[in-house]
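[1] Task: produce atomic coordinates for the following.
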Amino acid sequence: MEVHRVRFFQYNPSAIQCLAIEEGSSPLRLALSRENGNVEIWEQEQNWAQTLVLHATKDECAEAILWHQGRLLSAGLSGVLVQWSLPRLCPDVEVNMSGGAVWDMAIRPNAEQLAVACEDGCVRMFDIEPHTVIYKKSYSNQGGGRCLSVAFHPEGKHMLSGGSDSVVRIWNLTSGVTTHRITLDQPRQRAVLVWTLAFLQDMTVVCGDSDGRVQFWDGHHGAMIQSFQVHKSDVLTLAVNKKQDTVFASGVDCKVAKFHCIETEADCKKWINAGTVRLHTHDVRSLAVHDAEGSGGVLVSGGLDTQLCVYGTNNFSSKHSRLISPYPRTSPVSICHREPLVACQFDSHVDMWSLGTTRGGTDLAEAASGTVLPAVKQPNHLVRVRSKNRQHITCSTVSPCGRWVAISDRSGTRVFAVAPSGSSADDSLDRMTVTPAASNLDRAQRLLFTPDSGKLLLASQDGLQVASVSEEDVSNCSDVYETERSNHACVGLTISSSGQYAAMAFADNRVDIFDLKKEKLKRSTPHFRSQCCAMIFLSSAPSMLIVTLSYEVFVYNFADDSLKDLTVHMREVTQARRALGPVMGVMELEDKRVILYSRAFMATLDLTKTAKKQLPDLKVRPQKRKASDNRASAAADEPMDTDEQINGAGKSLTVSTHFSDILALDLSSQSRLVVVERPWKEVTQQFPNALNRVRYGAT
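    Residues are numbered from 1 along each chain as shown. Next up, the predicted model:
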């Protein structure tokens with residue numbers, strides 16, 4: 001089999017700007033906002049897997065994000081408060097704060113009120129209504145400068161505000177006046193920025209500033225209790241556990257510090273530095289902590305290096321921490337099934353590329369497995385398709401024939417006709433032109449063309465629609481099914497090879513199967529323990545293979561509504577799923593084998609051998625990778641062949657770690673496998689310089 005290792009897709013995950021954990025949710029949900037404006041939802045129960053991606057309209061970075069009674073709110077430098085719709089995966093309500101950029105937000109305890117720290121130096125208070133927020137009053141610092149941070153006392157009677165004037169103010173919300181002004185030292189003879197604040201039950205004020213200090217103050221008298229100079233630069237974020245005896249701090253020096261409160265012999269409280277952990281390579285911009293009953297809590301951090309890091313609050317050390325890859329759960333790449341074309345999705349545009357070619361013929365037939373063949377023709381960038389007004393693209397797809405490209409954003413779905421601009425066959429894939437074919441289609445969360453490229457499927461939380469596509473016209477959508485579960489987003493879409501059946505996966509862990517010829521719902525699967533992350537219709541019977549985030553594998557026969565559990569055959573990769581990440585996709589080969597892949601592995605499951613349930617305990621050992629060109633190379637390889645010591649004869653599952661940092665994997669033809677990789681080392685080279693640290697022995 002000819003394998004194309006594609007590395008020309010310059011995918012760069014966006015930096016994490018802020019984090020928020022939804023308290024009391026089951027399962028525990030984490031919301032994070034990235035620098036490009038998108039918001040992601042992660043679940044702890046699924047081994048910290050990404051479950052939803054909410055696409056922003058444009059590159060509007062959020063400086064603050066929080067949960068309130070199941071509602072997700074964010075605001076940033078645009079000065080607009082956004083309430084996000086989880087079923088629709090987009091902004092639902094937008095309200096202008098009328099104070100310039102928003103630097104911080106906080107919910108007032110025991111009241112339906114929201115405090116917003118604004119660029120003009122005021123803290124604006126809003127009443128939270130069912131579908132919007134209503135302005136109530138403003139608290140002005142009367143000292144000029146920006147208001148950068150805000151926090152409430154747990155009882156909701158007092159409020160803290162900090163800004164660019166080196167002052168922390170304590171407000172009495174009953175009288176509306178300032179009770180104390182805490183002025184921070186200015187050792188460098190310049191104003192100190194109060195980036196973050198925390199207010200404890202005993203009126204202790206905790207602040208982190210631009211001089212790298214974490215300070216504890218007595219809120220009753222405005223006197224300093226203790227000061228720590230643990231960080232070398234700005235402290236950007238604080239997090240406090242539920243018992244309020246532990247405070248975590250981090251910032252530009254990428255070090256996470258833990259401060260713990262102890263009682264001395266004189267029955268006095270004292271804060272101590274309980275340790276530091278440095279797993280991030282760049283600025284840490286946000287921390288979020290959650291206390292679990294009986295088993296300790298978790299601390300989550302994120303920042304400029306785009307990765308999430310999860311720590312144990314009790315066992316706070318690098319040994320008990322882990323980094324989570326920022327690579328997307330859903331592939332941003334569409335691979336054409338008949339032509340050597342690849343469509344790469346960015347935030348506001350889609351690039352189409354043609355694959356490189358080798359000499360082929362005898363050279364390819366006689367090449368040994370694993371041989372890297374020289375590329376006669378390099379991959380070529382053909383055309384770029386942009387979204388309307390540079391809005392963020394929700395999803396995109398390319399037709400199997402390579403003739404159509406469809407993208408969907410907040411304004412709707414548009415279809416483009418793509419045609420070669422050359423007049424001869426030799427230059428037919430050197431350049432292409434794009435012509436808009438339709439722009440009146442509804443917004444979609446998933447797009448997919450039928451195998452004959454004659455229809456376009458549009459899936460959303462409202463159901464499934466079908467639009468006819470032809471050379472003459474792209475007709476309006478016809479509703480195949482309107483789902484009653486309008487409060488759950490669509491997270492997956494697939495179609496059978498015959499084009500008769502389609503399946504939609506929803507965020508409530510179910511899959512709906514549709515008969516496109518009869519235009520009706522055929523079956524609904526039972527609820528799985530976790531979301532479906534990959535699925536495919538099998539050609540042998542009216543059945544489909546379903547893989548979930550918890551590495552469960554099922555064969556669902558929708559003719560007799562039966563479910564066969566094949567999870568036992570995934571034991572080899574399930575044991576290492578924390579390092580391998582969730583399954584991103586699945587495809588079927590001609591000999592009743594299916595290929596499953598994630599960011600870090602590719603596995604072949606032989607469905608003819610899944611009757612055996614007793615499998616030996618085996619360990620997966622990574623193979624050495626060969627050097628290859630950073631752009632692309634076409635290689636004759638058998639990706640199913642791995643070390644015999646790892647994969648013995650007669651096994652149902654064969655695992656290969658020959659490829660890594662995978663973004664997409666699919667068959668471009670029966671003899672051509674396309675693997676799109678984005679090496680993490682190349683991603684890190686795009687990061688800005690980190691804070692310079694003096695290392696012992698460094699030259």
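
[2] what element comes up after the strand or helix carrying Trp271 heading to the C-terminus?
    Per DSSP states H and E, Trp271 falls inside strand 269-277. Using DSSP H and E, the next helix or strand after strand 269-277 towards the C-terminus is strand 284-292.

[3] re earlier: from the middle of its chain, how far away would the strand holding Trp271 be?
    32 Å (CA atoms, centre = their mean, to the nearest Å).

[4] packing partners for that strand?
    strand 223-228, strand 256-263 (3 or more CB pairs under 8 Å, 6 or more residues apart in numbering; DSSP states H and E). Where C-beta positions appear, they are placed from N, C-alpha and C, glycine not excepted.

[5] Helices along the stretch 251-400 of the chain, start to end?
    361-366 (DSSP state H, counting those that start in this stretch).

[6] shaky segments in it?
    For the stretch 251-400 of the chain, applying pLDDT under 70 flags the ranges 293-295, 360-370.

[7] Same question for the stretch 51-200 of the chain.
    Ranges of the stretch 51-200 of the chain meeting pLDDT under 70: 142.

[8] Helices of that one, residue ranges please.
    Going by DSSP H, counting those that start in this stretch, the stretch 51-200 of the chain shows no helices.

[9] Could you report the distance from the residue of the chain positioned farthest from its centre to Gln226?
    The outermost residue of the chain relative to its centre, with distances by CA atoms, centre = their mean, is Ala266 at 49.2 Å. Ala266 sits 15 Å away from Gln226, taking CB to CB, to the nearest Å as the criterion.

[10] list the contacts for Asn172?
    157-158, 178-179 (CB atoms under 8 Å, 6 or more residues apart in numbering).

[11] Select only the buried ones of the residues you listed in PyMOL?
    Remark: buried members of the contacts of Asn172, expressed as a PyMOL selection using 16 or more other CB atoms under 10 Å:
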select buried, resi 158+178
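
[12] who touches stretch 556-566?
    By CB under 8 Å, 6+ apart, stretch 556-566 touches 501, 511, 513, 522-523, 525-526, 541-544, 546, 552-555, 605, 610.

[13] at 6 Å what do you get?
    513, 523, 525, 542-544, 546, 553-555, 610 (CB atoms under 6 Å, 6 or more residues apart in numbering).

[14] Closest to Glu572 out of those residues?
    Lowest distance from Glu572 to the contacts of stretch 556-566 (CB to CB) belongs to Val553, with 12.1 Å.

[15] Contacts only, for that closest one.
    Counted by CB under 6 Å, 6+ apart, Val553 has contacts 547, 566-567, 570.

[16] In strands, which of these fall?
    Secondary structure from DSSP state E places Val547 of the contacts of Val553 in strands.

[17] Can you tell me which of the contacts of Val553 has the most neighbours?
    Counting neighbours by other CB atoms under 10 Å, Val547 leads the contacts of Val553 with 27 neighbours.

[18] List the contacts of Ser286.
    18-19, 237, 302 are the contacts of Ser286 under CB under 6 Å, 6+ apart.

[19] For the residues you listed, work out which two are farthest apart.
    Thr237 and Gly302 (9.6 Å).

[20] buried residues in stretch 5-17?
    Buried, per 16+ other CB under 10 Å, within stretch 5-17: 5-9, 11-17.

[21] in these, which two residues are the furthest apart from each other?
    Arg5 and Gln17 (33.0 Å).

[22] does Thr397 really touch Trp404, like I thought?
    No - look at Thr397 against Trp404 with CB atoms under 6 Å: they stay out of range, at 8.7 Å.

[23] hmm, back to that, what about the contacts of Asn172, which are in strands?
    158, 178-179.

[24] Redo those residues as TSV? Include distance to Val206.
    Below are those laid out as TSV (distance: CB to CB, whole Å):
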residue	distance to Val206
His158	14
Thr178	19
Thr179	17
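
[25] List of residues touching the strand holding Trp271?
    216, 226, 228, 230, 255-262, 264, 316, 318.

[26] next one: stretch 571-581
    325, 551, 598-601, 618, 653, 655.

[27] ok, now with 8 Å
    For stretch 571-581, using CB under 8 Å, 6+ apart, the contacting residues are 47, 322, 325, 327, 551, 567, 598-601, 603, 615, 618, 620, 653, 655.

[28] Just the endpoints, please. Distance across it?
    Chord length of stretch 571-581, first to last residue, is 14 Å (CA to CA, to the nearest Å).

[29] State the mean pLDDT of that stretch.
    Averaging pLDDT along stretch 571-581 yields 76.

[30] May I see the buried residues of that stretch?
    Buried residues in stretch 571-581 (16+ other CB under 10 Å): 572-573, 577, 580-581.

[31] Just the ones in helices from the residues you listed, please.
    572-573, 577, 580 (DSSP state H).

[32] tell me the contacts of Ala239?
    Ala239 sits in contact with 198, 247-249, 287-289, 299, where contact means CB under 8 Å, 6+ apart.

[33] circling back: the contacts of Ser286 in helices, which ones?
    Using DSSP H, none of those sit in helices.

[34] which of these lies closest to Met105?
    Cys18 (9.6 Å).
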